[in-house]
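all I have is the shape, not the residue letters:
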């Protein structure tokens, strides 16, 4: 029975992910020990506790909601990366597509005064088109999608800064508040805020992102379309010889991936949870954290829901560490270590299977030897 | 005009050094997407050396020590890539990306810890090196010659000689083309790949310290290196994995990067009234266009990115 569980693919993924988390947190703890040994234990606990930092249930719920608000876009980003990865493409450009999503949804909301539905849809279309650039370059010009993705990330960042400068407050670098200048574009809450002590930032974004995860799972696992995409990922040439349009598949994959990432951006920025700073000098980290979440979730759409929450949980938790001794980037460090360790997942699974097989072999040999010995003794009894 | 030349040369030096790093790793068969992280780590090593080196070193001693520190940090950090990708056959793309994130995060945490330890009110991730920087610069008229321009030139020559004129270099390239064949004639593929990765760390670290010494006299480690590691990879592809061509490609990219720093010095460009963001985007846009035209007939090492498996045919 136990052997059966140990051999199960899903269990192995879960085990490997948990091992990565434990090792990542442990290494983070060691780093803290080096910086300042006195408060290291407390600091790592603060990172892991996040909203449990508050003692009042009300505040806890409200901050739990705050973490969930940022979990929704992270789920979308990791789904975007996961979707492309299943087709053998590493869409590091998700960060740029996310940036385009911010740009379009905020511009439509603030400058054009659109409602939340068109804002969201236009963001998705823009993200898809932006993703298509990577796809076209990959399929027709053989450009490595990682490098073109990174280049497009920077182009997206500077374009977003340039375009959103039109809708920013006079002196500060931040864009207008949606609540004052574009209330029609704020995502509805559908009563979800009642669950989180009146935190109105918790909107339908969260259920929508979970729905997307299920959708991605169904499309990839249960449809002909998803099968064709995966086949293209496994072997482009084989797919071509089977009559699949491999070039189109690559482009379509990156378009879907881009649309998901950019929808994620509208999930966060249309809640008025934060504003865009038009002097940003770095692409938002959300897209890169999506990589962490996707791999930590064992490349399973449902797994990414939990891993996204975990990554966001420790990222938010970083804000609670004692600032006189440590900095909040310690949680970035931990998630970076976790992704690095995720590179070893394949090896961990290999080792698990190896140990199990060795054990089985030994037991089989033992059983055989025992049976032989028994047969011998019985033989002896007969004589 | 002189300013444009100066910035072009210094940015080209950064790109040359880092691209050569990528070139060594790829010729040995490992794609090094973690160059960005290696640059940050090299920059950290050099910056820490500048901060703690006593004045008694003198200008020459300072240059040597900073360069050595940057190289050591780069090499040590690149071993993370080596362990994962060569010995454990991990996915090189994931590990490279993780190294980029880890580099920036770790450097920020380390620098912040040091700053906070010396002054509890200082929570910035900045290291200043106003005086130390002067050791690297020689003024020729109004042209600021940086020693890194010379180092980049030496780097190109060394890379060319090592790759094409030594036994080691040819064996290294064999491991990137057909590792099984290389193994069959007695070359240790694992060792060769390790050598490639470590050399790439050495060059990457050098490029990192060169980058933070170009123009500014303090560095905020939270910022990372703004995609320079990836620009360098584009330079490498454009340069078709050949050191001399990489140098030429780096000059072109360096020019466009420099333009965003000095465009306001040219009345014609200012009169065009193009927003600054466009100039910031320019190197990346040029890079995409160039890649679109050159990648089709790329001569990448055949076995790059594939973990070596002894049993494979």
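On my side now, so go ahead. Predicted model, so just to flag it, every value in this text is computed and none were measured. Residues are numbered from 1 along each chain as shown, chains lettered A, B, ... in the order given.

which residues of the stretch 101-250 of chain A lie near chain B?
Proximity of the stretch 101-250 of chain A to chain B, by C-beta under 8 Å from any C-beta of the partner chain, involves residues A:137, A:141-144, A:146-148, A:150-155, A:158-159, A:161-162. Bear in mind the C-beta positions are built from the backbone N, C-alpha and C, glycine included.

same thing but 6 Å
A:137, A:141-143, A:147, A:150-151, A:154-155, A:158, A:161-162 (C-beta under 6 Å from any C-beta of the partner chain).

would you reformat those residues as JSON lines and include neighbour count and distance to residue A:8?
Converted to JSON lines, these look like this (neighbours: other C-beta atoms under 10 Å in any protein chain shown; distance: C-beta to C-beta, whole Å):
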{"residue": "A:137", "neighbour count": "24", "distance to residue A:8": "40"}
{"residue": "A:141", "neighbour count": "15", "distance to residue A:8": "42"}
{"residue": "A:142", "neighbour count": "15", "distance to residue A:8": "39"}
{"residue": "A:143", "neighbour count": "27", "distance to residue A:8": "39"}
{"residue": "A:147", "neighbour count": "25", "distance to residue A:8": "38"}
{"residue": "A:150", "neighbour count": "28", "distance to residue A:8": "37"}
{"residue": "A:151", "neighbour count": "29", "distance to residue A:8": "41"}
{"residue": "A:154", "neighbour count": "24", "distance to residue A:8": "43"}
{"residue": "A:155", "neighbour count": "23", "distance to residue A:8": "44"}
{"residue": "A:158", "neighbour count": "23", "distance to residue A:8": "47"}
{"residue": "A:161", "neighbour count": "23", "distance to residue A:8": "48"}
{"residue": "A:162", "neighbour count": "17", "distance to residue A:8": "51"}
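
tell me which of those residues fall in helices.
Using DSSP state H, A:137, A:141, A:147, A:150-151, A:154-155, A:158, A:161-162 are the members of those that sit in helices.

state the pair within the residues you listed that is farthest apart.
Farthest-apart pair in these is A:141 and A:161; separation 27.7 Å (C-beta to C-beta).

residues near the spatially closest residue to residue A:27 that is not a sequence neighbour, how many?
Once flanking residues are discounted, residue A:27 sits nearest to residue A:337: 5.1 Å by C-beta to C-beta, 6 or more residues apart in numbering or on different chains. For residue A:337, the count of nearby residues is 25 (other C-beta atoms under 10 Å in any protein chain shown).

return the backbone torsion pair for residue A:337.
phi -60, psi -40 (degrees, to the nearest 10).

which among the ones in helices among the residues of the stretch 101-250 of chain A next to chain B gets closest to residue A:204?
Using C-beta to C-beta, those come closest to residue A:204 at residue A:161, 28.9 Å.

if we ignore the residues flanking it in sequence, what's nearest the closest one?
Closest to residue A:161 by C-beta to C-beta, 6+ apart is residue A:278, at 5.0 Å.

low-confidence bits of the stretch 251-383 of chain A, can you list those?
Applying pLDDT under 70 to the stretch 251-383 of chain A picks out residues A:380-383.

contact partners for residue A:294?
Shown in contact with residue A:294 (C-beta atoms under 6 Å, 6 or more residues apart in numbering or on different chains): A:78, A:81-82, A:304.

around chain A, pick out the residues from the stretch 101-250 of chain B.
Checking the stretch 101-250 of chain B against chain A by C-beta under 6 Å from any C-beta, the hits are B:101-102, B:105-106, B:108-109, B:112-113, B:120, B:227, B:230, B:233-234.

are any of those residues buried, and which?
B:101-102, B:105-106, B:108-109, B:112-113, B:227, B:230, B:233-234 (16 or more other C-beta atoms under 10 Å in any protein chain shown).

of the residues you listed, closest to residue B:275?
Distances from residue B:275 to those, taken by C-beta to C-beta, are shortest for residue B:227, at 19.6 Å.

could you double-check that that closest one sits in contact with residue A:153?
No: the pair residue B:227 and residue A:153 fails to qualify as a contact (C-beta atoms under 6 Å) at a distance of 7.4 Å.

which parts of stretch B:224-242 are buried?
B:224-242.

end-to-end on it?
Start and end residues of stretch B:224-242 are separated by 27 Å (C-alpha to C-alpha, to the nearest Å).

and the contacts of that stretch?
Defining contact as C-beta under 6 Å, 6+ apart, one finds that stretch B:224-242 is touched by A:147, A:150, A:154, B:15, B:18-19, B:22-23, B:35-36, B:39-40, B:104, B:211, B:245-246, B:249-250, B:253, B:287, B:290-291, B:294, B:299.

re earlier: in helices only, show me the buried residues of stretch B:224-242.
B:228-238.

mind putting these in CSV, pLDDT included?
As requested, these are exported to CSV (pLDDT from 0 to 100):
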residue, pLDDT
B:228, 85
B:229, 87
B:230, 84
B:231, 85
B:232, 89
B:233, 86
B:234, 84
B:235, 87
B:236, 88
B:237, 84
B:238, 82
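
what about the closest residue to residue B:164 other than its chain neighbours, how many neighbours?
Distances taken as C-beta to C-beta, 6+ apart place residue B:170 nearest to residue B:164, at 7.5 Å, with adjacent residues excluded. Residue B:170 has 14 neighbours, counted by other C-beta under 10 Å.

so where's the stretch 1-150 of chain A uncertain?
Looking at the stretch 1-150 of chain A by pLDDT under 70, you get A:1-3.

what are the ranges of the helices in it?
A:2-7, A:9-35, A:40-49, A:57-86, A:94-110, A:116-141, A:145-164 (DSSP state H, counting those that start in this stretch).

repeat that for the stretch 151-300 of chain B.
Using DSSP H, counting those that start in this stretch, helices in the stretch 151-300 of chain B cover B:167-177, B:179-184, B:189-212, B:228-238, B:243-262, B:267-272, B:276-294.

tell me the contacts of residue 23?
Looking at chain A here, since you left the chain open. By C-beta under 6 Å, 6+ apart, the contact set of residue A:23 is residue A:341.

I was thinking of chain B, sorry if that wasn't clear
Here residue B:23 is in contact with B:236, B:241 (criterion: C-beta under 6 Å, 6+ apart).

which element is it on?
helix B:2-28 (DSSP states H and E).

so for that helix, what gets flagged as buried?
Quick answer for helix B:2-28 (16+ other C-beta under 10 Å): B:4, B:6-28.

which residues touch residue A:185?
A:109, A:116, A:119, A:178, A:270.

the same query, at a cut-off of 10 Å, please.
Residue A:185 makes contacts with A:105-106, A:108-110, A:112-120, A:178, A:266, A:269-272, as judged by C-beta atoms under 10 Å, 6 or more residues apart in numbering or on different chains.

out of the residues you listed, which are buried?
Looking at those with 16+ other C-beta under 10 Å, the buried ones turn out to be A:105-106, A:108-110, A:114, A:116, A:119-120, A:178, A:266, A:269-272.

report the distance from the lengthiest helix in chain A to the chain centre.
Looking across chain A with DSSP H, the single longest helix is helix A:345-382. If you compare the mean C-alpha spot of helix A:345-382 with that of the full chain, they lie 42 Å apart, counting by C-alpha atoms, centre = their mean, to the nearest Å.

how many neighbours does residue 255 have?
You didn't say which chain, so I picked chain A. Residues near residue A:255, counting by other C-beta under 10 Å: 23.

nope, chain B
Neighbours around residue B:255, by other C-beta under 10 Å: 19.

check what pLDDT it gets.
Turning to residue B:255, the model gives it a pLDDT of 90.

give me the nearest residue to it, chain neighbours excluded.
residue B:8 (4.7 Å).

now do the contacts for the one you found.
Residue B:8 neighbours (C-beta under 10 Å, 6+ apart): B:250-259, B:261-262.

with residue B:304 instead?
Residue B:304 neighbours (C-beta under 10 Å, 6+ apart): B:25-32, B:92, B:176-177, B:241.

do that again at 6 Å, thanks
Contacts of residue B:304 (C-beta under 6 Å, 6+ apart): B:26, B:29, B:31, B:176.

residue B:127 touches residue B:48, doesn't it?
No: the pair formed by residue B:127 and residue B:48 falls short of the contact definition of C-beta under 6 Å, at 7.4 Å.

cool, thanks, signing off.
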